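*Asks:* Quick one, structure for this:
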Amino acid sequence: LYFNKCYLCPQTVQHGFPHRASALAWDPLLRVVALGTATGALKVYGRPGVELYGQHTNSDSSVTQIHFIPGTGRLVSLSDDNSLHLWEINEKSLVELKTYIFEGKNKKISSLCVESSGKHLLIGTEGGNIYNLDLNTFTVTEDVIYQDVVMQNCPEDFKINPGAVEAICEHPKVPSRLLIGYNRGLVVLWDRIAAAPTHTFVSNQQLESLCWNDEGEHFTSSHNDGSYVTWEVAGAASDRPLKEPITPYGPYPCKAISKILNRTSVDGDEITIYAGGMPRASYSDKYTVTVQQGEKHVAFDFTSRVIDFFTTTPVPPDGVPLQEDRPDTPAQIQLQTVNQVAAALVVLAEEELVVIDLCDEKWRPLRLPYLVSIHASAVTTAQLVDNVAASVYDNIVAAGQQQSENVYSESAWPISGGCVEGEGAVAERQLLLTGHEDGSVRFWDVSGVAMTPLYKYTTAHLFSGEEIGENNDSQTDEEEWPPFRRVGTFDPYSDDPRLAVKRVILCPLSGMLTIGGAAGHIVIASLKTSSSTAEVKSVTVNIVSDRDGFVWKGHDQLTLRSGSLTFPQGYQASSVVQLVPPAAVTALGAQWEWGLVAAGTAHGLAVLDAIAAKPLLHKCTLNPHDHSGAGDTPISRRKSFKKSLRESFRRLRKGRSQRRQTTTSSPTSPTQVSTG
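*Replies:* Residues are numbered from 1 along each chain as shown. Purely as a prediction, here's the structure:
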């Protein structure tokens, strides 16, 4: 969604989650995050209100990797056309400085690693060589680690083609020592000063990722069979694993563990985080990131593919990043050691961003101040509301806080880099309401740069039926294995398309909410500061009552729940109007000074006294000679299409069977019937 900041200035703000997210990076010194997309977009986010956008020249090329040059305000992006791009964060923009296209046989880039000094970018290729890119000049130097040289210095048993360079990791204490992982399972600890390997490690499984522990005494490799192995480096007499390979969700065949991190928790315990590894037969369709700390084990379950993840350190007391002043060039950066204590886990999935508080006893997620997936359920309508009364705004915020109580952690937002001009100034209250396919209406604060979710109102609980199920998805089942816990809000599937919100109106002064749905229903709700129990008034208005020959061929209307219903603090329905026939509401109007609501469908319109819950008038706009049920909704057409498709396949099968019978029978017996 894009909104003009003002009519005179062509500045825009991008709200919501980026389309087709494809890459993620984190600067632990400046505490900013970068996201890349399959359409070549690059976005950098800091504290709420700090957002910068860039676009690669070739929008057809997907951003596959992003790497910050820590503390410099610069980053390098890799596109799938094998080009590297150097970007710089200026005060208010993201600027592309240089581009380098990596060309040549066997030079397809497979891995990247920025030196901790910030001087060079190490480039691993599918051909097995590692090249050095000077980040000052953005050109390749003559310092190349050739695979042939690495193999010459390896024991005879390992002199095979190890495949592409899958991972490159600098030693956390001795940057001149590189851990190089090759696709087919060989890992080499390379001494850049001596230009020779100091250790070699071999696995019989294909390598996916590598990770040092904090002190550099051992490292962990993850593999395509769903296992991970810990290898000792410090004082190792033999290059054997420190422990036997661990397949956490084995013993049956498992999916690859695409990435693994070993970190230290704020309590000093070891914490292991990895993506994938699920049993292929049972859970091959799951997208998970598993976190293990001692006896604590949770497999966070996402509804879209996991792209990447990282951990953040504790937020400084004032939220200020560790380094504010940026050197003029990367070469001037002093060697930095960043504490690897894991306070929060940031996961980028294809359709949403999720942040888990690892300091929280229950590992609850943090409430997102931005990058919220607007289309968690498909958006079907929207309304922008200006000049919202302070009392209405405050009550909506309070209802949202009560709604999410105990759901989210209250810890500080870990992505806290940058500063916002005029922070703390009270802006004009502006709300965006979005109606969704699942029958919900979401309230967003769009007064500033960040689009902040405030509250969610759901109409589904007003209706009953087989297709409308209660969402009793428990957060976690302690006895279940693997120990899944559903996280995130993205859920594109609707139990019943009749619930879809087609029109929504919020009165900015009274706070009254009017919702028109796909099944001809109109929900009228008022804003309450406490929970209550009441019966919802039901009103039916037959728009085509004077058309005796009219036949409705569409879907049935929704069934309103009978008896008293309990409503939490926030919006509470007072009445539901059902238009007959139950075609989708196409127009909606409300005048709350008079207490009137008007609604239109493809068949006509109706005006109601919303306070007394009584119809005042209705008018059919159909042609008197049209009794065909014009205005069937897309839902009915969809059903008709499915029905005709089934009938077509039946006729096709029937025709084929008849042809087979005809070819096997005598020409003189065309009507012969097989009796089996």
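
*Asks:* Mind pulling the model confidence for the most centrally placed residue in the chain?
*Replies:* Nearest residue to the geometric centre of the chain (C-alpha atoms, centre = their mean): Glu352, 1.3 Å. Note on Glu352: pLDDT of 95.

*Asks:* any idea how far Thr489 is from it?
*Replies:* As for Glu352, its distance to Thr489 is 7 Å (criterion: C-beta to C-beta, to the nearest Å). Any C-beta I mention is one placed from the backbone N, CA and C, and that applies to glycine too.

*Asks:* Trp231 too?
*Replies:* Going from Trp231 to Thr489 by C-beta to C-beta gives 39 Å.

*Asks:* returning to that earlier point: can you tell me, leaving aside adjacent residues, what's nearest to the residue nearest to the centre of the chain?
*Replies:* Nearest residue to Glu352 in three dimensions, chain neighbours excluded: Ser373, at 4.2 Å (C-beta to C-beta, 6 or more residues apart in numbering).

*Asks:* same thing with Ile396?
*Replies:* Counting by C-beta to C-beta, 6+ apart, the residue nearest Ile396 is Tyr455, at 5.1 Å.

*Asks:* quick one: low-confidence ranges for the stretch 451-600 of the chain?
*Replies:* 466-479, 546-548 (pLDDT under 70).

*Asks:* just the strands in the stretch 401-550 of the chain please.
*Replies:* Applying DSSP state E, counting those that start in this stretch to the stretch 401-550 of the chain gives strands spanning 431-436, 440-445, 452-458, 463-464, 484-486, 501-506, 513-517, 521-528, 532-535, 537-542.

*Asks:* does Pro175 really touch Cys113, like I thought?
*Replies:* No. Judged on C-beta atoms under 8 Å, Pro175 makes no contact with Cys113 at a distance of 10.7 Å.

*Asks:* Among the two, which residue is more densely surrounded?
*Replies:* Per other C-beta atoms under 10 Å, whichever of Pro175 and Cys113 has more neighbours is Cys113, with 20 against 14.

*Asks:* so that one is in which element?
*Replies:* Here Cys113, judged by DSSP states H and E, is contained in strand 109-114.

*Asks:* rewinding a little: now list whatever residues contact both of Glu352 and Thr489.
*Replies:* Each of Val372, Ser373, Ala376 lies in contact with both Glu352 and Thr489 under the rule C-beta atoms under 8 Å, 6 or more residues apart in numbering.

*Asks:* residue contacts, the second one?
*Replies:* I take that to be Ser373. Applying C-beta under 8 Å, 6+ apart, one finds that Ser373 lies in contact with Gly16, Phe17, Glu351, Glu352, Gly488, Thr489, Phe490.

*Asks:* same thing but 10 Å
*Replies:* When contacts are counted by C-beta atoms under 10 Å, 6 or more residues apart in numbering, Ser373 touches 16-17, 303-304, 349, 351-354, 453, 488-492.

*Asks:* Sheet-wise, list the partners of the strand ranked longest in the chain with their directions.
*Replies:* With secondary structure taken from DSSP state E, the chain has its longest strand at strand 570-580. Strand 570-580 pairs in its sheet with strand 521-528 (antiparallel), strand 537-542 (parallel), by DSSP bridges.

*Asks:* chain center to that strand, what's the gap?
*Replies:* Here strand 570-580 is found 32 Å from its chain centre; the criterion is C-alpha atoms, centre = their mean, to the nearest Å.

*Asks:* For the chain, give me the ranges with low pLDDT.
*Replies:* Along the chain, segments meeting pLDDT under 70 span 1-11, 153, 155, 157-158, 234-239, 318-339, 422-427, 466-479, 546-548, 625-676.

*Asks:* All the helices of it, residue numbers only.
*Replies:* Per DSSP state H, the chain carries helices over the ranges 147-152, 280-283, 390-403, 634-664.

*Asks:* List the buried residues of the shortest one.
*Replies:* If you call a residue buried by 16 or more other C-beta atoms under 10 Å, then helix 280-283 has these buried ones: Tyr283.

*Asks:* what does it rub up against?
*Replies:* Residues from elsewhere that reach helix 280-283 (C-beta under 10 Å, 6+ apart): Asp225, Gly226, Tyr249, Tyr252, Pro253, Cys254, Lys255, Gly277, Ala299, Asp301, Pro482, Phe484.

*Asks:* residues near the closest residue to the second one other than its chain neighbours, how many?
*Replies:* Okay, so that is Gly226. Closest residue to Gly226 apart from its sequence neighbours, by C-beta to C-beta, 6+ apart: Cys254 at 2.6 Å. Neighbours of Cys254 under the rule other C-beta under 10 Å: 24.

*Asks:* right, and Cys254 touches Thr247 too?
*Replies:* Yes. Look at Cys254 against Thr247 with C-beta atoms under 10 Å: they come within range, at 6.1 Å.

*Asks:* if I look at the two, which residues touch both of them?
*Replies:* What both Cys254 and Thr247 touch, as defined by C-beta under 10 Å, 6+ apart, is the set His223, Asp225, Gly226, Ser227, Gly277, Pro279.

*Asks:* who does the first one bridge with?
*Replies:* Beta-bridge pairing for His223 (DSSP bridges): Leu207.

*Asks:* if we can go back for a sec, for the residue nearest to Glu352, phi and psi?
*Replies:* phi -70, psi 100 (degrees, to the nearest 10).

*Asks:* how close does it sit to Ile246?
*Replies:* Going from Ser373 to Ile246 by C-beta to C-beta gives 34 Å.

*Asks:* same deal with Gly554?
*Replies:* Distance from Gly554 to Ile246, by C-beta to C-beta: 56 Å.

*Asks:* Closest one to Cys154 out of the contacts of Ser373, please.
*Replies:* If you rank the contacts of Ser373 by distance to Cys154 using C-beta to C-beta, Ala349 comes first, at 38.7 Å.

*Asks:* tally of neighbours for that closest one?
*Replies:* 23.

*Asks:* And for Ser284?
*Replies:* Ser284: 11 neighbours (other C-beta under 10 Å).

*Asks:* which residues does the residue nearest to Tyr146 when sequence neighbours are not counted contact?
*Replies:* The shortest distance from Tyr146 to any non-neighbouring residue, by C-beta to C-beta, 6+ apart, is to Asn129 (5.3 Å). With contact taken as C-beta under 10 Å, 6+ apart, Asn129 is in contact with Asn106, Lys107, Ile123, Val144, Ile145, Tyr146, Gln147, Asp148, Val149, Val150, Val165.

*Asks:* Perfect, I'm done here.
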